Every structure is written in structure tokens, then in C-alpha cells.
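Peer 1: Show me how the following folds:
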Amino acid sequence: MAAQREWLETDYYGVLGVSKDASADEIKKAYRRLARENHPDARPDDPKAEPRFKEIGAAYRVLGDAETRREYDEMRRLGASGFGGGRHGGFPGAGAGGAAGTAGFEDLFEQLFQQQGGRGGGFPGGGARRGRRSQRGRDLEAQVHLSFDDALAGVRTRLRVNTDGPCETCNGSRSRPGSQPAPCTQCGGSGQVSLDQGPFAIAQPCPRCGGEGRLVTDPCQTCSGTGRTSRPTELTVRIPAGVRDGAVIRVPGKGGAGANGGRPGDLLVRIDVEPDTVFGRRGDDITLEVPVSYSESALGTKLQVPTPSGGTKTIRIPAGTDSGRTFRVRGEGAPTKGGGNGDLLVTVVLSVPDRLSRQQKQLLEQLAETDDHSERERLMRRREQGTSA
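Peer 2: As a prediction, the model looks like this:
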């Protein structure tokens with residue numbers, strides 16, 4: 001994290017009302033209590049609530065992270081000893097408030113923390129060289145194709161992914177077995193070079209060796225001097241019941257290996273669900289279209305419909321049901337994250353036969369003679385009246 005002038009000017013421990021040796025749990029509790037008490041929604045008539053709320057949040061962002069807290073404490077310690085100023089301090093030669101040295105202040109700490117990776121230890125006499133910074137492993141991606149039924153039920157599946165790790169030939173040393181890295185000629189093996197900042201000399205990682213103090217002169221042929229190789233790995237991944245098409249499941253720690261002690265990346269599993277020939281899906285609800293005849297739609301009936309679980313349900317279709325009407329069967333949909341199930345949405349669709357038997361045709365002709373066309377006739381009259389007007 002780049003150094004900020006506010007760190008020297010603001011006592012974040014005082015903002016949260018905790019001591020400098022407070023535990024992480026005490027800091028978290030203090031933050032939650034103060035954030036709740038000073039939230040602008042809780043104090044709508046207090047114009048100072050929002051600034052206090054923001055300051056409390058800024059304090060927790062610094063003190064709530066162990067590494068950032070160490071950086072903050074180190075900078076405050078150096079500021080108190082005269083290296084940098086607080087509200088009424090500054091660099092040598094600066095007036096009250098440190099105004100004369102503001103530009104030098106910002107440049108000095110910005111370069112220091114950027115070069116040191118926000119971890120401190122870059123001042124003269126600051127201790128042994130830091131070495132290479134730890135790096136988190138990269139995230140890996142895999143894709144799983146599931147049937148509609150497997151997506152609803154959930155499955156365990158084996159995946160084969162290519163992950164990187166320490167080279168087995170050189171054990172991650174990057175050098176050919178039997179050879180050793182040579183001391184860096186630019187920093188003399190210290191891993192640090194001196195950056196002249198006027199009255200100060202600041203140590204920063206050597207740009208040639210990256211702060212390691214050594215250079216690989218005879219690289220490993222297996223990994224080409226990177227210290228890492230890629231190899232296929234098989235993993236078993238649990239796909240939760242009810243997973244949706246296009247979902248991404250994150251498997252923590254199953255990605256690429258970290259470097260220099262860094263934690264591994266994650267495995268991102270992308271889900272591709274094949275469409276079903278009978279059912280569809282809308283969120284956690286399962287959809288189903290069922291054809292009904294004209295007589296069933298007009299007279300009403302009871303229908304047996306399939307469910308995604310493999311069973312059947314009986315639904316009642318009332319007389320006079322229009323085509324396209326949807327009926328809801330509770331709890332027969334996809335599993336949800338909360339532990340329940342969505343619903344089965346059954347839509348009835350009027351089925352008109354392509355061919356009629358002679359008897360069907362005669363019966364329909366008789367029915368047509370009794371059809372009521374009064375609504376259609378009124379529609380036509382309204383249209384004629386509107387045209388003549």
C-alpha cells in the first residue's frame with residue numbers, strides 16, 4: 001500500500017477509541033459499534049455524522065488489516081522520531097505545518113512504499129534484505145457440462161486441470177542442479193540499492209535481482225529458469241444441487257501454486273447445463289407446457305403432469321380455461337440455496353388437431369351452429385362506428 005500523508009496526521013487508534021496494542025478482535029468490535037452509532041441513516045439530523053462515519057471506515061481499513069497496520073505503526077514511529085512530521089511536523093527545513101516540504105514528503109514515502117511493496121523495512125539500516133515478495137497463485141478455469149437432471153440433483157465430478165508448481169528438477173531454485181546462483185553485481189548480494197533523496201538515503205530493492213541479492217547464471221533447462229512447471233492434476237469437485245446454467249463455482253486454494261510463500265489461487269468452474277426436452281427453467285422455478293384438447297379446456301379436467309424429480313402430480317383444470325394459462329405446483333421446482341425448492345409452473349396450451357375423423361368433423365359442425373358470436377359482432381360495430389365518426 002502506498003504511504004499516505006493522512007497516516008502521519010491522523011491517530012486512527014484514537015478515532016476507534018482503542019489502545020495501540022489492541023487485538024484485532026477489539027478493533028473490529030470498536031469499528032462495528034462506532035459505525036452503527038454514527039451511520040448517517042441513524043443520525044439524519046446530524047451534519048457531522050457522515051464525516052465521522054467516513055473517518056471511522058478509513059481507520060478500520062488501516063487497522064483492520066495486519067500488514068497495513070504494521071506499515072501505519074512504522075510510519076507513525078518514524079514520524080514521531082523526526083523522520084516525518086505529524087500535523088505540526090515535517091522534514092528538516094519545513095516551517096510550521098511542514099508546508100515547505102510537502103512535495104518531498106509525498107515523493108519520498110511514495111517511492112519508499114511502492115518499491116518495498118508496502119511492507120516497510122526500506123530505510124537505511126532497516127535490517128536484512130527482503131528477498132522476493134510473495135505472490136498469490138493464479139486462478140485456473142475449468143468448464144463442466146451437465147445434463148438438466150444432474151444440475152438439479154447435484155453431482156460430484158472429476159476435473160483434469162493444468163496447474164503450475166515448483167519445478168521438480170530444480171525444486172524451485174531456478175538453477176540447473178549442481179549449480180548455484182551468483183551474488184548480484186549491482187547490489188553486491190545485499191538485495192538493496194540506495195536511493196538518494198537529498199538529506200536522506202533510502203534503501204530500495206535492487207532492480208536487477210528484484211531484491212533477492214542473487215542472479216541465476218546457469219538456469220534450469222526444465223523450467224527455463226522460472227522455477228515453475230505446469231502439470232496435469234485431477235480434482236474432485238462437488239456441484240451443488242440446483243446449479244444454474246452459466247454459474248461459476250469458486251473452489252478456494254485449488255488454482256496455481258503461490259510463489260515465495262504466497263497462497264495458491266482458486267479454481268473457477270463454469271457450468272454449462274444442457275437444455276431438457278420436456279422441462280425449462282426460470283430462476284428456481286421449473287416450467288412445463290402441457291397440451292390440452294378443446295373439450296378439456298372448455299369442460300375442465302384433471303391432468304397428470306410429470307415432475308422434475310421423476311414423479312407425477314395431478315392438477316385440476318377448471319372449465320373455460322384459456323390456452324396459455326399457467327398453474328403453479330408448489331415445491332416441485334429446483335433446489336434453492338436456502339434449502340427449499342422453487343415451484344413447477346405448468347402452462348396449458350390448446351392443441352388443435354391437423355386432421356379430423358368424419359365423426360369429429362360432424363360433431364364440431366354441430367357445435368359451430370351453437371357458437372355465440374355476439375362479442376365479435378359488437379367488436380365489428382364499434383369499429384364501424386369509429387370509422388364513420
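Peer 1: Next up, phi/psi of Lys28, please.
Peer 2: Main-chain dihedrals, Lys28, degrees, to the nearest 10: phi -60, psi -40.
Peer 1: burial of Ile317, as a residue count?
Peer 2: By other Cβ atoms under 10 Å, 19 other residues sit near Ile317. Backbone N, C-alpha and C define where each C-beta goes, glycine included.
Peer 1: Next, the contact list for it, please.
Peer 2: Neighbour list for Ile317: 292, 296-297, 300-303, 327, 348 [criterion: Cβ atoms under 8 Å, 6 or more residues apart in numbering].
Peer 1: In helices, which of those residues appear?
Peer 2: Applying DSSP state H to the contacts of Ile317, the entries found in helices are 296-297.
Peer 1: of the contacts of Ile317, buried ones?
Peer 2: With burial judged by 16 or more other Cβ atoms under 10 Å, the buried subset of these is 292, 296-297, 301, 303, 327, 348.
Peer 1: From those, pick the one nearest Pro240.
Peer 2: Phe327 (28.5 Å; Cβ to Cβ).
Peer 1: How about the closest one, nearest residue that isn't a chain neighbour?
Peer 2: Spatially, and ignoring its direct neighbours in sequence, Phe327 is nearest to Val346 (4.7 Å; Cβ to Cβ, 6 or more residues apart in numbering).
Peer 1: residues in contact with that neighbour?
Peer 2: By Cβ under 8 Å, 6+ apart, the residues touching Val346 are 288-290, 303, 305, 315, 326-329.
Peer 1: Please repeat the previous calculation with a cut-off of 7 Å.
Peer 2: Residues near Val346 by Cβ atoms under 7 Å, 6 or more residues apart in numbering: 288, 290, 305, 315, 326-327, 329.
Peer 1: Of the residues you listed, keep whichever come out buried.
Peer 2: The neighbour-count test (16+ other Cβ under 10 Å) applied to the contacts of Val346 identifies 288, 290, 305, 315, 327, 329 as buried.
Peer 1: State the helix or strand in which the most centrally placed residue in the chain lies.
Peer 2: Closest to where the C-alpha atoms of the chain average out (Cα atoms, centre = their mean) is Arg250, at 8.7 Å. Using DSSP states H and E, Arg250 falls within strand 248-251.
Peer 1: Return the list of helices and strands in contact with that strand.
Peer 2: For strand 248-251, the elements it packs on are strand 267-273, judged by 3 or more Cβ pairs under 7 Å, 6 or more residues apart in numbering; DSSP states H and E.
Peer 1: What segments of the stretch 151-300 of the chain are strands?
Peer 2: Using DSSP state E, counting those that start in this stretch, the strands of the stretch 151-300 of the chain run over 155-166, 182-183, 192-197, 200-205, 214-215, 228-239, 248-251, 267-273, 280-282, 285-292.
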